[in-house]
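Trainee: Turn this into a structure:
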Amino acid sequence: MKGNSKRAVVCAAFAMLVASNSAIGSDESVLVELNKLEPNDGDCRAYLVMENRSASAFESLKLDVVVFDTEGIVAKRLAVEAAPLPLGKTSLKVFDIGGLPCDRVGRVLLNEVMTCADDAEERGDCLELMSTSSRATISFIK
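Mentor: Numbers count the residues shown, from 1 in each chain. Here you go, the predicted model:
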């Protein structure tokens, strides 16, 4: 390949990389991050950071969260109220995992979205909108 052809290929590849990164950045989703776990009177307190990148403001959003112990056994199943979640807003949701110390929590699963409605209507695609991550020492999956 001549110099100009190589340059054209490199420029085209760079343009595709920039375009794909832009698409990732404009992802219309709800990011749900397990930020940390901390002891709370023998229980475990969980902190979820939620970032609404979707095109909807959620007036109703209840998450079905399953907590596994360090042996991989289901230890708790919780309904976590995450609404309201305004459009473009980052929010903190705090909940206690009763009867389970933090050092016994092995991983957390976002099992389902129990209720989900924006300002217009009930939605059926909310689990697909959710993207999970964890900064805690355990995994948070869906």
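
Trainee: Please make it C-alpha for all contacts and neighbour counts, starting now.
Mentor: Fine.

Trainee: Just give the number of residues close to residue 78.
Mentor: 17 (other C-alpha atoms under 10 Å).

Trainee: ok, and the residue nearest to the spatial centre of the chain, which helix or strand is that part of?
Mentor: In the chain, the centroid-proximal residue (C-alpha atoms, centre = their mean) is residue 32; its distance is 2.1 Å. Using DSSP states H and E, residue 32 sits within strand 30-40.

Trainee: Tell me the strands beside whatever helix or strand comes next after that strand, with direction?
Mentor: Using DSSP H and E, the helix or strand that follows strand 30-40 towards the C-terminus is strand 43-52. Partners of strand 43-52 in the sheet, by DSSP bridges, are strand 30-40 (antiparallel), strand 90-97 (antiparallel).

Trainee: Point out the most buried one among those strands.
Mentor: For these, ranked by mean neighbour count under the definition mean count of other C-alpha atoms under 10 Å, the leader is strand 30-40 at a mean of 19.

Trainee: For it, list the C-alpha coordinates in CSV.
Mentor: Presented in CSV, the C-alpha positions along strand 30-40 are these (Å, rounded to 0.1, in the frame of the first residue of the first chain):
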residue,chain,number,x,y,z
VAL,A,30,-30.6,3.0,33.2
LEU,A,31,-27.2,2.3,34.9
VAL,A,32,-27.6,0.6,38.2
GLU,A,33,-24.3,0.4,40.2
LEU,A,34,-23.9,-1.5,43.4
ASN,A,35,-21.6,1.2,44.9
LYS,A,36,-20.9,-0.3,48.3
LEU,A,37,-22.0,-2.5,51.2
GLU,A,38,-21.6,-1.5,54.8
PRO,A,39,-22.4,-3.1,58.1
ASN,A,40,-25.5,-1.7,59.9
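
Trainee: With that, I have no additional questions.
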